[in-house]
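J.: Okay, sequence plus prediction incoming.
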Amino acid sequence: MSSNEVSPQQRPAKVDYLRIATEEAFAPPDLFNMYRKLLADGKADTGFASLWGFHFSSQAPRVQHILKYNQDLDKLRIQHMDEAGIDMQVLSLTSPGVQAFDAETAVDYAITANDYLAEAIKKHPTRFVGLTAIAPQNPAAAAKEIERGATKLGLRGIIVNSHTHGEYLSDPKYWDIFAAAEAFDMPIYLHPSSPPPKMIEPFMEVGLDGAVYGFGVETGLSALRIMTSGVFDKFPKVQMILGHMGEALPYWAYRLDYMHRATVAANRYESLKPTKRKPSEYLRENFYVTNSGVAWELAIKFAQDFMGVDRVMYAMDYPYQHVVDEVIALDNMLMNAEDKKRFFQTNAERVFKITR
Ligand code: 1DF
Ligand code: MN
């Protein structure tokens, strides 16, 4: 029995809301073989090699748990959901998904992974919904896949794992992706990835490049670049989702507003242009946050205060942080019943168009 497995006495209580977990990972059968080949061929980015090179060589119980349950979209996962009181998972291809590959492989495999996901959802339509994996490496193909995800596969959003080989969605060459997201009303979950080669060294030196910290600061930067590049001025209806309590950006908001305005006003950078709204306004009008990885009432309440109670959602981050005690802790937050239901259930139902 691994440390993540639960005994029945730890089960969460019956509650009068559904628990919808919104950042839940999976890996189709071929993905890990393709990841292993990327590593063997020496074609993986430094951050990918650090994370997945470790996962494929470690015997640690947590790692074995992660590898095994990423690959199950059927009985084992549903059993874990039942044991943890999770009614539904919003599924996304695990990070960095197809963004680890060359453009051609990425475009092809996104289609394969999305078809596989759609089949699993068809088999368990009351337990799973899913997000469309896309290959930013080919923005036109990504836009098409967004359309296919929305119109043919019944998927409810888009998953992007931050940068793609060190390039960010803030670059206008990627903006067909935002146009498609807006046109098909698909929210974009901006999930972490390891920092790119140009950023990762001081993190790796001290073992902080992964989910502990490298993920968070890199993804916060990624989201901020999207705000300051004017994406939401051009595509005002685009909605994005950040995990891990907004990768700390809500806590930064005051300083971001002040220093962004001050830096723009001083004409310090050709590359930093004025935007129509402040970073805090983009955060509150174009972003949702989830509490993935952060089962912490204090942080959740701060986010609810800042973002509004309609913009903060529950996530477990299965199978990476499969901790049933955290579900119980969140059930027990001192929070009025309406807002707790918004957090666990109704915000996700609205954002991901979940009807039952
Ligand atoms: C880890 C964590 C890996 C998260 C993930 O995807 C991930 C990890 C590869 O702990 O190595 O999604 N997470 O979101 O915290
Ligand atoms: Mn995650």
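T.: Yep, it's here. Numbering: from 1, shown residues only. Ligands and ions are numbered 1, 2, ... in the order given.

J.: At the contact with ligand 1, which residues of the chain appear?
T.: Selection of the chain residues close to ligand 1 by CB under 6 Å from any ligand atom yields Ala25, Leu51, Thr94, Ser95, Pro192, Gly210, Ala211, Gly243, Ser292, Gly293, Asp317, Tyr320. For the C-beta atoms, the positions are set from N, CA and C on the backbone; glycine is no exception.

J.: Ignoring the adjacent residues along the chain, who's closest to Gly149?
T.: Distances taken as CB to CB, 6 or more residues apart in numbering put Thr132 closest to Gly149, at 3.0 Å, once the chain neighbours are dropped.

J.: wait, the one you found sits on Asn114?
T.: Yes. In this structure Thr132 lies within contact range of Asn114 using CB atoms under 8 Å: 5.7 Å.

J.: quick one: which of those two has more around it?
T.: Taking neighbours as other CB atoms under 10 Å, Thr132 and Asn114 compare with Thr132 leading, 31 against 25.

J.: Could you tell me how far that one is located from Met227?
T.: Noted for Thr132: a distance of 23 Å to Met227, by CB to CB, to the nearest Å.

J.: rewinding a little: so of the residues of the chain next to ligand 1, which ones are in helices?
T.: Residues of those located in helices (DSSP state H): Leu51.

J.: restrict the residues of the chain next to ligand 1 to contacts with ligand 2.
T.: Asp317 (CB under 5 Å from the ion).

J.: could I get the residues of the chain next to ligand 1 as TSV with pLDDT?
T.: Listed next are these as TSV, based on pLDDT from 0 to 100:
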residue	pLDDT
Ala25	99
Leu51	98
Thr94	99
Ser95	98
Pro192	98
Gly210	98
Ala211	98
Gly243	99
Ser292	98
Gly293	98
Asp317	98
Tyr320	98
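
J.: Next, format the residues of the chain next to ligand 1 as a markdown table and append neighbour count and distance to Phe232.
T.: Below are the residues of the chain next to ligand 1 laid out as a markdown table (neighbours: other CB atoms under 10 Å; distance: CB to CB, whole Å):
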| residue | neighbour count | distance to Phe232 |
| --- | --- | --- |
| Ala25 | 20 | 27 |
| Leu51 | 22 | 30 |
| Thr94 | 25 | 27 |
| Ser95 | 23 | 24 |
| Pro192 | 27 | 21 |
| Gly210 | 17 | 29 |
| Ala211 | 18 | 27 |
| Gly243 | 25 | 19 |
| Ser292 | 27 | 23 |
| Gly293 | 22 | 25 |
| Asp317 | 24 | 26 |
| Tyr320 | 20 | 29 |
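
J.: Can you tell me which of the residues of the chain next to ligand 1 is nearest Ser280?
T.: Gly243 (19.3 Å; CB to CB).

J.: Can you tell me how far the closest residue to that closest one other than its chain neighbours is from Phe101?
T.: Once flanking residues are discounted, Gly243 sits nearest to Ser292: 3.8 Å by CB to CB, 6+ apart. Using CB to CB, Ser292 is found at 24 Å from Phe101.

J.: Ramachandran coordinates for the residue of the stretch 151-300 of the chain found nearest ligand 1?
T.: Relative to ligand 1, the nearest point of the stretch 151-300 of the chain is Ala211 (3.6 Å; CB to the nearest ligand atom). Main-chain torsions, Ala211, degrees, to the nearest 10: phi -60, psi -20.

J.: tell me the contacts of it?
T.: Residues near Ala211 by CB atoms under 8 Å, 6 or more residues apart in numbering: Pro192, Gly293, Tyr320.

J.: one more time with 6 Å
T.: Contact criterion CB atoms under 6 Å, 6 or more residues apart in numbering gives no residues in contact with Ala211.

J.: tell me the pLDDT at the residue at minimal distance from the centre of the chain?
T.: When CA atoms, centre = their mean is applied to the chain, the residue found nearest the centroid is His191 (3.1 Å). As predicted, His191 sits at a pLDDT of 99.

J.: What of Gln10?
T.: 82.

J.: Surely it is in contact with Val324?
T.: Yes. Using CB atoms under 6 Å, Gln10 makes contact with Val324 at a distance of 5.3 Å.

J.: So between these two, which is more surrounded?
T.: Ranked by neighbour count (other CB under 10 Å), Gln10 and Val324 place Val324 first, with 20 against 14.

J.: Show me which residues of the stretch 201-350 of the chain sit near ligand 2.
T.: Neighbours of ligand 2 within the stretch 201-350 of the chain, by CB under 5 Å from the ion: Asp317.

J.: residue boundaries of the helices in the stretch 201-350 of the chain?
T.: Using DSSP state H, counting those that start in this stretch, the helices assigned to the stretch 201-350 of the chain run over residues 214-228, 231-234, 244-247, 249-265, 279-286, 297-307, 324-331, 337-341, 347-351.

J.: right, and Arg225 touches Asp171 too?
T.: No. Using CB under 6 Å, Arg225 is not in contact with Asp171, being 8.7 Å away.

J.: And the residue sitting furthest away from the middle of the chain, its phi and psi?
T.: Most distant from the centre of the chain: Ala266, at 34.8 Å, with distances by CA atoms, centre = their mean. Main-chain torsions, Ala266, degrees, to the nearest 10: phi -80, psi 0.
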